[in-house]
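Colleague: Just to be clear, the model below is a prediction. Sequence and coordinates:
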Amino acid sequence: MKLFICYSTRDGLIDELSLRELLDSLPVSTRPFVDLFHNDWPDVQKRIELEIANCDLFLGLRSPAFSASPWVQFELETARKYQKDIILLDFSRGAMPVNGSLFSRSHAKQIAASV
């Protein structure tokens, strides 16, 4: 299953480390796309649109900066355009790490149930 992960790093809550933790927690069968790690195209926007068009599930990591991000808005609009299933995990209240991880067991269960 191809998974597109949408996020904003502007507020510092979602960062490289937390994204790596998320990738490590996903089932082996999941093929995630995280722009920060996987987008090496010169035309960043075109690659993002292609990844969203071809994903099976769109996962949004809502943090305080999520809604204000122009990239996030573009990604959400693109997901709607391609009629993708969208799951939003809420970190907007400043979720704290659980056992050293930003992603709680309930988040992991929600993702696992969708893939």
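Modeller: Structure's in. What do you need?
Colleague: so which helix or strand takes in the residue nearest the centre of the chain?
Modeller: Geometric centre of the chain, nearest residue: Ile5, 2.2 Å, by Cα atoms, centre = their mean. Following DSSP states H and E, one finds Ile5 within strand 2-6.
Colleague: So for that strand, what gets flagged as buried?
Modeller: Within strand 2-6, the residues scored as buried using 16 or more other Cβ atoms under 10 Å are 3-6. The way it works is simple: take the backbone N, C-alpha and C, and place the C-beta from them, glycine included.
Colleague: in the protein, which segments are predicted with low confidence?
Modeller: 92-115 (pLDDT under 70).
Colleague: So which residues make contact with the strand holding Ile5?
Modeller: 19, 22, 26, 30-34, 51-52, 54-61, 72, 75-76, 79, 84, 115 (Cβ atoms under 8 Å, 6 or more residues apart in numbering).
Colleague: Weed out the non-buried ones from the residues you listed.
Modeller: Judged by 16+ other Cβ under 10 Å, buried ones among the contacts of strand 2-6: 19, 22, 26, 30, 32-34, 51-52, 55, 57-61, 72, 75-76, 79, 84, 115.
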